[in-house]
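[1] show me the folded form of this:
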Amino acid sequence: MIQSVWPYLAVMLLAAGFWPAIERRVGGKVFEVLPPIVLTYLSVTALAVAGAWTATPAIHAVQDTIVARLVPALIFLLMINGDLRAIVALGPRVLGVFACTAISLFAAFIVAFAMFRAGLPADGWKPLAALSGSWMGGTANMIAVKQAIGMADAPLATSLLTDALCYSMWVVVLFAAGRLAPAFNRWTRATSSAGMTVADTGPRAPATGDSVLLWLGIALGVAALSTRLGASLPVGSMVSATTWTILIATVAGLVAAQTPLARLPGAQAVSSALLIAVVAVLASQGSFDGIAAAPRYILCGVTVIALHAVFLCLFARLFHFDLYLCGISSLAHIGGVAATPVLAATYSRSLVPVGVLLALLGYILGTGFGLLVAAVLSSMAT
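    So this is what the prediction gives:
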């Protein structure tokens, strides 16, 4: 049994790297349903339940420090790829589809919570609010919203499972829907976006040892400064010092993204490593208590996606959006930057940059979107 800090940290890092390494080297269908980040959470939680370590005061202090410092650092690094000029250059049609997708998801979360509220616990809105951050951006936004609203660690497993399973079902639907584009476009009286031209974002240079160290130093410095500034700002029922810290780190990342600093390679690699490390640490404090509620939340997640699809189709009919842009925008919200370019390529290769930029825009707005959903759901729960 582990009772000191360094062996604990060694296990966390090994656990954080294990499943991504297996996926990279072996692959398999299981990773299409349960991505490495979910398997990492479940594996570390299993070790915690089995008593692999004891939550001594020293280990508990390290857990709190890691989460408090690495989450804002992670958010800052994710914003580095947010080229606002390239996103604005997408034009009003593409950004209009993105806005309608966000509105449809917002409405879907509200309606679904109203439908299932009676069967959820008093704080049952929190896993859904965290999930909404992921379904606008990604898992990092989910973690940021979780921290900002003070959600316990145990329900995080429910949010992660709901995210993974519902996303896996939805991405299959979107891939299969491509053949329906002509009929859908006739119904919405839209012109296909297959031929639109967008400047490619281009590949980034690979990370190097020095760039990784530089990004770690910058990100941790921003996290420390954001924490200090966040602690000095006024708080309220839905705005805590942690909320301010995350928002300040987000703005700092967006500002840095518009400077030559954004050309330094390695930010994406470092942020990916930090994300799964933070998830491992959060899992090490948890248990499987929240898993019992997973079926209800999965059903709620399926309902959210179904309502989102209906609302987005109505928007498409009203504003004459074509199926390709609707599908890419939907997956940019729910699937993130990894899956969206693949879907875009199956629709039309010219749309791949659109998918990348919309997914990055989702990362930028994901935390704020999740906090907005949290504010509405919490008011409905009282």
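[2] what is the neighbour count of the residue lying closest to R189 once chain neighbours are set aside?
    Closest residue in space to R189, ignoring its immediate chain neighbours: H320 at 5.3 Å, by CB to CB, 6 or more residues apart in numbering. To be clear about C-beta, it is placed using only N, CA and C from the backbone, and glycine gets the same treatment. Applying other CB atoms under 10 Å, we find 13 residues neighbouring H320.
[3] and H320, what's its pLDDT?
    As predicted, H320 sits at a pLDDT of 94.
[4] tell me where this structure has strands.
    Along the chain, no segments are classed as strands by DSSP state E.
[5] what about the worst-scoring helix or strand of it on mean pLDDT, distance to the chain center?
    Using mean pLDDT, DSSP states H and E, the weakest-scoring helix or strand in the chain turns out to be helix 30-33, at a mean of 75. Relative to the chain's own centre, helix 30-33 is displaced by 17 Å; criterion: CA atoms, centre = their mean, to the nearest Å.
[6] what do you get for stretch 144-151?
    Worked out by CA atoms, centre = their mean, stretch 144-151 lies 13 Å from the chain centre.
[7] rewinding a little: name the residues of the least confident helix or strand of the chain that come out as buried.
    Residues of helix 30-33 classed as buried: F31 (neighbour count, 16 or more other CB atoms under 10 Å).
[8] show the contacting residues for the residue nearest to R189.
    H320 makes contact with T188, R189, A190, T191, according to CB atoms under 8 Å, 6 or more residues apart in numbering.
[9] pLDDT score for the last one?
    You'll see T191 listed with a pLDDT of 88.
[10] now the closest residue to it other than its chain neighbours: how far from L351?
    In space, and not counting its chain neighbours, T191 is closest to D322: 6.5 Å by CB to CB, 6+ apart. D322 sits 11 Å away from L351, going by CB to CB, to the nearest Å.
[11] find residues that contact each of the two.
    Taking CB under 8 Å, 6+ apart as the contact rule, D322 and L351 both touch S193.
[12] any idea how far F321 is from the closest residue to L220 other than its chain neighbours?
    In space, and not counting its chain neighbours, L220 is closest to A73: 5.4 Å by CB to CB, 6+ apart. Distance of A73 to F321, computed by CB to CB: 37 Å.
[13] can you name every helix or strand that the least confident helix or strand of the chain contacts?
    helix 156-176 (3 or more CB pairs under 8 Å, 6 or more residues apart in numbering; DSSP states H and E).
[14] could I get the CA-only coordinates of the helix it packs on as CSV?
    Taking C-alpha atoms only, helix 156-176 is exported to CSV below (Å, rounded to 0.1, in the frame of the first residue of the first chain):
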residue,chain,number,x,y,z
LEU,A,156,-17.1,12.5,-12.9
ALA,A,157,-17.1,8.8,-14.0
THR,A,158,-20.8,9.2,-14.9
SER,A,159,-20.1,12.3,-17.1
LEU,A,160,-17.2,10.6,-18.8
LEU,A,161,-19.1,7.4,-19.5
THR,A,162,-22.1,9.3,-20.8
ASP,A,163,-19.8,11.4,-23.0
ALA,A,164,-18.0,8.4,-24.5
LEU,A,165,-21.0,6.2,-25.1
CYS,A,166,-23.3,8.9,-26.5
TYR,A,167,-20.5,10.3,-28.7
SER,A,168,-19.8,6.8,-30.1
MET,A,169,-23.4,6.4,-31.1
TRP,A,170,-23.7,9.9,-32.6
VAL,A,171,-20.6,9.7,-34.7
VAL,A,172,-21.9,6.6,-36.4
VAL,A,173,-25.1,8.4,-37.2
LEU,A,174,-23.3,11.3,-38.7
PHE,A,175,-21.1,9.2,-40.9
ALA,A,176,-24.1,7.3,-42.1
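[15] tell me the buried residues in that helix?
    Within helix 156-176, judged by 16+ other CB under 10 Å, the buried ones are 156-167, 170-171, 174-175.
[16] what does stretch 179-186 give?
    By neighbour count on 16+ other CB under 10 Å, the buried set for stretch 179-186 is A181, F184, N185.
[17] go on, stretch 240-251?
    Those would be S240, A241, T242, T243, W244, T245, I246, L247, I248, A249, T250, for stretch 240-251 by 16+ other CB under 10 Å.
[18] what of stretch 357-374?
    By neighbour count with 16+ other CB under 10 Å, stretch 357-374 contains the buried residues 357-374.
[19] ok, back up a step: how about the buried residues of stretch 240-251 in a markdown table, adding distance to A48 and pLDDT?
    What follows is the buried residues of stretch 240-251, written out as a markdown table (distance: CB to CB, whole Å; pLDDT from 0 to 100):
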| residue | distance to A48 | pLDDT |
| --- | --- | --- |
| S240 | 26 | 81 |
| A241 | 27 | 87 |
| T242 | 23 | 86 |
| T243 | 27 | 84 |
| W244 | 30 | 90 |
| T245 | 26 | 91 |
| I246 | 25 | 88 |
| L247 | 31 | 88 |
| I248 | 32 | 92 |
| A249 | 28 | 91 |
| T250 | 30 | 88 |
